[in-house]
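Asker: With the sequence up front, the predicted model follows.
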Number of protein chains: 2
Amino acid sequence: MGLLVQKFGGSSLKSIERIQRAAKRIAQEVDEGHQLVIVVSAMGDTTDHLTDMAKTITPFPHPREMDQLLATGEQVSMALLCMALHQHGVKAVSLTGWQAGIITEDVHTEADIVEVQQEKILSHVEKGRVVVVAGFQGVTGDGEVTTIGRGGSDTTAVVLAAALGAERCDILTDVDGVYTADPRIVPHARPLPHICYDEMLALSRLGAHVLHPRAVACAMQNRVPLIVRSSFHEADGTRITETRATRSAIPVSGIACMEHLVNVTLALTKREPTVVNRLTAVAAHSSLVRDKGTRELSFLIKREHVPKLSAMLSEFKGSVERVDYEYDKALLSVVGAEADNPDIVSTVEEQLHRASIKGKSVTTSRHSVSCLICQEDVMKAANALHQAFDLDKAKEAVLQVSQFQ
Amino acid sequence: MGLLVQKFGGSSLKSIERIQRAAKRIAQEVDEGHQLVIVVSAMGDTTDHLTDMAKTITPFPHPREMDQLLATGEQVSMALLCMALHQHGVKAVSLTGWQAGIITEDVHTEADIVEVQQEKILSHVEKGRVVVVAGFQGVTGDGEVTTIGRGGSDTTAVVLAAALGAERCDILTDVDGVYTADPRIVPHARPLPHICYDEMLALSRLGAHVLHPRAVACAMQNRVPLIVRSSFHEADGTRITETRATRSAIPVSGIACMEHLVNVTLALTKREPTVVNRLTAVAAHSSLVRDKGTRELSFLIKREHVPKLSAMLSEFKGSVERVDYEYDKALLSVVGAEADNPDIVSTVEEQLHRASIKGKSVTTSRHSVSCLICQEDVMKAANALHQAFDLDKAKEAVLQVSQFQ
């Protein structure tokens, strides 16, 4: 059997008891003959706790020191998980980002991984050891510790799986897989047995939190099969591969939602590309920046990014004539293999109309139809669309992809 | 003005507020024109907390993973201290042990530092930055993270001061300096303005907790002047240098005490040097192993080391005929430049006799006279000796050493 990379998220490691449970599960995989590289997040809310300490000292901690600080979170969980593996008689070693040879660009807090020097990891794997790698972190060529941004451990896992030629990459988390919709919004949502990279990428970009879009894009680019599954039980979870499951009648895979958005409309005195780029960099979704002629610009930002945008606007105040903020907006998206099909677009519009929901505009991309609605209509709209596209019944309609390609 | 190394202990960094206070103090030193390398311990009881988590998983955590785990403690405090320094407008960078080039031997949990590759630290210092180094940790030539044992941050500071040719090394702590005796035992104890390396080494080895003997030995070997002082106020603290303060009448500098000891007497079936060495390695003080003929051996161990010794004895049970444990012992020592002077030895014996305290044996070394007493007599004996050697009045009698040599 080949090499697997498995990522355990923070909620799967949030206490000693959960770390021990993760170790037990890994020990079973070892017994089954797998070679394993494990990627860990920080325990529970450790990253938030460290961030809070830093913010008590200064509202704008230096990014370099922030990385030095945050990198400790994953180091604690990797060492404790190794100890728990030893208790199961499993040979295991932990490696920090720099020890594992995860080389990033020279940028702090949101660095991209540029290379994995895999010799160290492979030399341990060849000696029959489980290698536990600290996710979310890397090192520059100059020995500076970097982190790769929120959700970074998923990306670490996928990058390692690609670099090591792993059979697949498992993302072990606190949910059962990728759902047809957020179960807190749509009570009938259910886990998808299978979804293709393109659709998963659309779901992630449009608000599904289960996987970071960067991790999905990296898996797609390197054709790394992904499984998102629960770390607490043995259910199959969701397989994410290149192949699309053959569907009889259901062209839609899921519904994604970005909540609590602010619709910003800017009138500029003149159009300067650097100003436009800086201002739209805070957009919640880059493909949703709408250019309304040469001097008007409209985009969605997350509510918490309003202060950041305001600060930028005061910096560029000579270039900005007028700003409108429309609060309490949400972006509801229908994701599917051929979501740009006119039938789907018209179904979405018809459903919203029937439910008396005003959708300001319907933007489409190849795998998604999105519409901007009011926050208060999210539940009603999402449930209506979920039902209209038969997503609550879809389990039987989706032919299982029996084997990975 | 030259380069100073300053070490801040865990109690001086145990909260964000204390870290901010330390930063303020460092900022003042920078304003005065000093170049500074700061060595930090983990915040407060972080090391104990991390150790407790590990022990919940296994009573015997793997030393390699223990080092990976514990190294995070100092990394948190170094990053937070840098952020606090930035708030004072001080340019500061943090470096972990491996980043700072602190190379140790390939041993876990109690490694010796074998080399400091000082280029990285010096390049930052030359750019006018305060360098904050994580104490207690290093790295092997193979990139394995190591720690250098309890009290290790003191040693890191002294080793760095020696390697960087620092003017002196300040140990900033929660006490005012090196005391004539432990103030919890002797209420009239007072901080010494000055003490020489030899005497400080004897005090540390014989139970004074303020400095680790390894750090003192390293300072002595490299002639690094040390100051032990409070991190909370501006008092001068205790200077530790090669030169002895000229004393008019007081030949004794202080009284040290090791409490809660167990006196172990072993009868061996035959004398095997490896067995003797292994068994006496747990002795509280190596020079106190008393050889009572070829087959009998007596030494003191700390109460908490009894299980460790028992485990060893069962390993060597063929070689051991009989074991006696005498509990509730303490070793009280008088330390001074010429403590082996017969007058001092007889004063010690006379004082103990006068106070009706049985001292089992009086062992002497060049800078100390030690006697084994019962734990219950510690207060009475220590106070009697403190008074007999005029230590409570000594402030006036000690000529201040006005300048460092």
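Answerer: Nice, I can see it. Everything quoted here is computed from the prediction, not taken from an experiment. Numbering: from 1, shown residues only, chains lettered A, B, ... in the order given.
Asker: who's A:V40 bridged to?
Answerer: Beta-bridge pairing for A:V40 (DSSP bridges): A:F8, A:A134.
Asker: Where does the closest residue to chain B within the stretch 251-400 of chain A sit: helix, strand or coil?
Answerer: Nearest residue of the stretch 251-400 of chain A to chain B (CB to the nearest CB) works out as A:A311 at 19.3 Å. Any C-beta I mention is one placed from the backbone N, CA and C, and that applies to glycine too. Under DSSP: H, G, I helix; E, B strand; the rest coil, the three-state class of A:A311 is helix.
Asker: burial measure for it, as a count.
Answerer: Using other CB atoms under 10 Å in any protein chain shown, A:A311 has 9 other residues around it.
Asker: Wait, a helix at A:D343?
Answerer: Yes: counting by three-state DSSP, A:D343 is part of a helix.
Asker: Distance of it relative to A:E350?
Answerer: 10 Å (CB to CB, to the nearest Å).
Asker: thought A:Y197 was touching A:C218?
Answerer: No: the pair A:Y197 and A:C218 does not pass the contact test of CB atoms under 8 Å, sitting 10.2 Å apart.
Asker: how far away is the residue nearest to A:A100 when sequence neighbours are not counted from B:T147?
Answerer: Distances taken as CB to CB, 6 or more residues apart in numbering or on different chains place A:V133 nearest to A:A100, at 4.8 Å, with adjacent residues excluded. Distance from A:V133 to B:T147, counting by CB to CB: 21 Å.
Asker: what's the answer for A:D390, then?
Answerer: For A:D390, the distance to B:T147 (CB to CB) stands at 59 Å.
Asker: Compare these two and say which is more crowded by neighbours.
Answerer: B:T147 (27 against 14).
Asker: Now do the contacts for the closest residue to the more buried one other than its chain neighbours.
Answerer: Distances taken as CB to CB, 6+ apart place B:D67 nearest to B:T147, at 4.8 Å, with adjacent residues excluded. Neighbouring residues of B:D67 by CB atoms under 8 Å, 6 or more residues apart in numbering or on different chains: B:108-109, B:137, B:144-147.
Asker: what's the lowest-pLDDT member of those?
Answerer: Minimum pLDDT for the contacts of B:D67 is recorded at B:T109 (93).
Asker: in what helix or strand does that one lie?
Answerer: Assigned by DSSP states H and E, B:T109 falls within no helix or strand.
Asker: The nearest residue to it once chain neighbours are set aside: neighbouring residues, count only.
Answerer: Counting by CB to CB, 6+ apart, B:T109 lies nearest to B:P63, which is 4.7 Å off, once chain neighbours are set aside. Per other CB under 10 Å, the neighbour tally for B:P63 reads 15.
Asker: mind listing the strands for the stretch 101-250 of chain A?
Answerer: Applying DSSP state E, counting those that start in this stretch to the stretch 101-250 of chain A gives strands spanning A:102-104, A:113-116, A:130-134, A:137-139, A:145-147, A:168-173, A:194-196, A:226-230, A:238-241.
Asker: buried sites along the following helix or strand past the last one?
Answerer: To tie it back to what came earlier, the one meant is strand A:238-241. Later in the chain than strand A:238-241, the nearest helix or strand by DSSP H and E is strand A:252-268. For strand A:252-268, the neighbour count (16 or more other CB atoms under 10 Å in any protein chain shown) marks A:252-259, A:261-264, A:266, A:268 as buried.
Asker: need these in a markdown table with distance to chain B, can you?
Answerer: Compiled in a markdown table, the buried residues of strand A:252-268 are given as follows (distance: CB to the nearest CB, whole Å):
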| residue | distance to chain B |
| --- | --- |
| A:V252 | 46 |
| A:S253 | 41 |
| A:G254 | 39 |
| A:I255 | 41 |
| A:A256 | 36 |
| A:C257 | 36 |
| A:M258 | 32 |
| A:E259 | 32 |
| A:L261 | 32 |
| A:V262 | 30 |
| A:N263 | 36 |
| A:V264 | 32 |
| A:L266 | 33 |
| A:L268 | 35 |
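Asker: Output those as CSV; include the columns pLDDT.
Answerer: Output for these, formatted as CSV (pLDDT from 0 to 100):
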residue, pLDDT
A:V252, 90
A:S253, 92
A:G254, 94
A:I255, 95
A:A256, 95
A:C257, 96
A:M258, 95
A:E259, 95
A:L261, 94
A:V262, 94
A:N263, 92
A:V264, 92
A:L266, 88
A:L268, 87
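Asker: separation between the residue nearest to B:T109 and A:R295?
Answerer: 66 Å.
Asker: what does A:L266 give?
Answerer: Relative to A:R295, and taking CB to CB, A:L266 is found at 9 Å.
Asker: wait, A:P63 sits on A:T109?
Answerer: Yes: at 4.7 Å, A:P63 counts as touching A:T109 under the criterion of CB under 8 Å.
Asker: How about the residues of the stretch 101-250 of chain A by chain B?
Answerer: Contact residues (CB under 8 Å from any CB of the partner chain) of the stretch 101-250 of chain A with chain B: A:120, A:143, A:145.
Asker: Narrow the residues you listed to just the buried residues.
Answerer: A:120, A:145.
Asker: From the residues of the stretch 101-250 of chain A next to chain B, pick the one nearest chain B.
Answerer: Among these, and counting by CB to the nearest CB, the member closest to chain B is A:G143, at 5.7 Å.
Asker: And the pLDDT for that closest one?
Answerer: For A:G143, pLDDT reads 97.
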